[in-house]
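Dropping the sequence and predicted coords here.
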Number of protein chains: 2
Amino acid sequence: MQPFADRLNAAIRQKATPVIVGLDPRLSMLPESVRRTAEGAGPEAAASAYETFCREVIDVVAPLVPAVKPQVAFFEQLGPPGMQALAHVNEAARQNGMILVADAKRGDIGSTAEGYADAWLGPGGTSPWGADALTVNPYLGDDALAPFVQAARRRQAGLFVLVKTSNPGGARFQDAVAEGKPMYWHVGHCVEALAQDSQSACGYGAVGAVVGATCPDELAALRYGMSHCWFLVPGYGIQGAGARDVRDAFDQDGLGAIINSSRAIIFAHAREPYRSRYGASRWQEAVEAATRDMIEALRAETPAGRLVATKR
Amino acid sequence: MQPFADRLNAAIRQKATPVIVGLDPRLSMLPESVRRTAEGAGPEAAASAYETFCREVIDVVAPLVPAVKPQVAFFEQLGPPGMQALAHVNEAARQNGMILVADAKRGDIGSTAEGYADAWLGPGGTSPWGADALTVNPYLGDDALAPFVQAARRRQAGLFVLVKTSNPGGARFQDAVAEGKPMYWHVGHCVEALAQDSQSACGYGAVGAVVGATCPDELAALRYGMSHCWFLVPGYGIQGAGARDVRDAFDQDGLGAIINSSRAIIFAHAREPYRSRYGASRWQEAVEAATRDMIEALRAETPAGRLVATKR
């Protein structure tokens, strides 16, 4: 198996888009046809509805985009049946040939960090949750990141370390200035070194960064300073950022970043213009249309447009 | 139900000790009698062994100490069967009347943080994982902590926010100095404000802090500055800290802190003096002896000794 960075690179080139679809199921927001079987029927029924819904989303988006990102919290919220559903959803993503980024934001020290890494990092289903990459939290320091990095390199998997997040309050600690630079810069500096160490053929490393779309200036500065890091960019869509805000996340070839949208795609049937056009009964078509619209917006407004001409 | 801080306070007073036993099962370290049923037999068998082992540890320590702390990573490492085992272990802790701190170090923003809080914070089994308290990571900022804090207050549950961790590399970002103070001080300042806001009868709040025993000077300074925060103190035992190192974690009544030991207690049969005395075949007696020894050491060397005279 190729290193994660190269597999992500190839998958983006093949689909000619950097869109990653976030799988954030919530019972109250599921289309009525899926929801009605589960409402008030307990966690097993809800977990089954999540699985059905996510499988159908994957079926719709797999031909269009390179990657999906299940948000682990919503599965964990349902207890053991939810975690079983997540394992099935992960398997469905793999069977559809998609890059699977588990958004779990894990972090711990020593053998505990090894436990999390062993749980999640398993391209092709070689670990219990079988993800190609995992989001991790850097607060516990570089020796706490090390077991994740070692596992990622050993298993041809990837990491996205939280550097600058998309929420307003992220500034509270991430923007605090130490030795003339904000904390997120110090974290980014550490992550870039790990990416350089794990660089593969495409020029990027196994260790990437989460950098929010809601702070375009910082995004541009980090892109410049972290030239070996894949960026996972949340904040597009419902959180307020548009295609222009993520322009500077990319390198000159339109690579180096994957742009996430979750609710704006998977629950497109509940918002205009898709609600009027498709409604809840044709929610899969709404997902497809919203995905295609995002792909087009990124092609029109960002360097990702260059992927079309160089599609392999 | 009483607020978490008051319930923890009462449980510590009742047992006259602040010891919290960490449940960190690992297949290779289980006593032979438990391990042999599971080795090489797949995740279901391993999960079953973890459950058996943790239930027996709970049976041994429940009469002696107020609280247990399952380390979620080791259960997650086994996939869905591991998470099912964790739910059963949590139930066993509750049925034994213990305070249950889920060590999951979760953290996310907005509705995702709500999902994690809803999953974990459920005293008495009122949520899927049914914990009295949860460890959380502050890197995403104060607005990311808010959903956890709201859920904790609503459900009479508690939080322990990572402030200063016990690993050497924790200094990398936590000790970076911004505006004349290290990052962990800024985080601690935020956490103390949240504790003041949620203060209950015992004088402590629903929001506490994780502060490592491996940095006694910082521990003393944080105790002084965070007078409304329960401290969860890791690092005792295998990680190198002893009873003298945690003296300053306590208030003058011997309250305000719970001191965690995991491997040094649950795998006591594998280290001296317990190995010679009990061996693997009498591992439960080794667990009991190691727990009693830790209780005695804290009574002899720290303000927790005062709990004996004031036992209710």
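Arrived safely.

What segments of the stretch 51-200 of chain A are strands?
Taking DSSP state E, counting those that start in this stretch, the strands of the stretch 51-200 of chain A run over residues A:67-70, A:99-106, A:133-136, A:158-164, A:177-178, A:181-182.

Now mean pLDDT, mean neighbour count and distance to B:Ala104 too, for those, in CSV please.
Glycine gets a C-beta too; all of them are placed from N, C-alpha and C. Shown next, in CSV, are the strands of the stretch 51-200 of chain A (pLDDT from 0 to 100; neighbours: other Cβ atoms under 10 Å in any protein chain shown; distance: least, Cβ to Cβ, whole Å):
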stretch, mean pLDDT, mean neighbour count, distance to B:Ala104
strand A:67-70, 98, 27, 17
strand A:99-106, 98, 27, 9
strand A:133-136, 98, 28, 14
strand A:158-164, 98, 28, 16
strand A:177-178, 96, 16, 28
strand A:181-182, 97, 16, 28
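
Out of those strands, the one nearest B:Ala46 is which?
With distances scored as Cβ to Cβ, the stretch of the strands of the stretch 51-200 of chain A nearest to B:Ala46 is strand A:99-106 (20.0 Å).

wait, is A:Thr37 part of a strand?
No: the assignment for A:Thr37, made by DSSP: H, G, I helix; E, B strand; the rest coil, is coil rather than a strand.

nearest residue to it other than its sequence neighbours?
Distances taken as Cβ to Cβ, 6 or more residues apart in numbering or on different chains place A:Ala49 nearest to A:Thr37, at 6.0 Å, with adjacent residues excluded.

Check whether the one you found really touches A:Ala38, as I assumed.
Yes: using Cβ atoms under 8 Å, A:Ala49 is in contact with A:Ala38, at 3.8 Å.

Find the residues that touch each one of those two.
A:27, A:30 (Cβ atoms under 8 Å, 6 or more residues apart in numbering or on different chains).

So between those two, which is more surrounded?
Taking other Cβ atoms under 10 Å in any protein chain shown, A:Ala49 and A:Ala38 do not tie; A:Ala49 has more neighbours (24 against 20).

Save the strands of the stretch 51-200 of chain A as JSON lines, and put in distance to A:Ala209 too.
Output for those, formatted as JSON lines (distance: least, Cβ to Cβ, whole Å):
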{"stretch": "strand A:67-70", "distance to A:Ala209": "15"}
{"stretch": "strand A:99-106", "distance to A:Ala209": "13"}
{"stretch": "strand A:133-136", "distance to A:Ala209": "10"}
{"stretch": "strand A:158-164", "distance to A:Ala209": "4"}
{"stretch": "strand A:177-178", "distance to A:Ala209": "18"}
{"stretch": "strand A:181-182", "distance to A:Ala209": "14"}
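
I'd like those strands as JSON lines, with distance to chain B appended.
Putting these into JSON lines (distance: least, Cβ to the nearest Cβ, whole Å) gives the following:
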{"stretch": "strand A:67-70", "distance to chain B": "12"}
{"stretch": "strand A:99-106", "distance to chain B": "6"}
{"stretch": "strand A:133-136", "distance to chain B": "9"}
{"stretch": "strand A:158-164", "distance to chain B": "6"}
{"stretch": "strand A:177-178", "distance to chain B": "4"}
{"stretch": "strand A:181-182", "distance to chain B": "9"}
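
For chain A, just list every one of the helices.
Shown for chain A, the helices assigned by DSSP state H span residues A:4-15, A:32-35, A:42-61, A:72-76, A:80-95, A:110-120, A:142-154, A:171-174, A:183-197, A:216-225, A:263-266, A:274-277, A:283-301, A:306-309.
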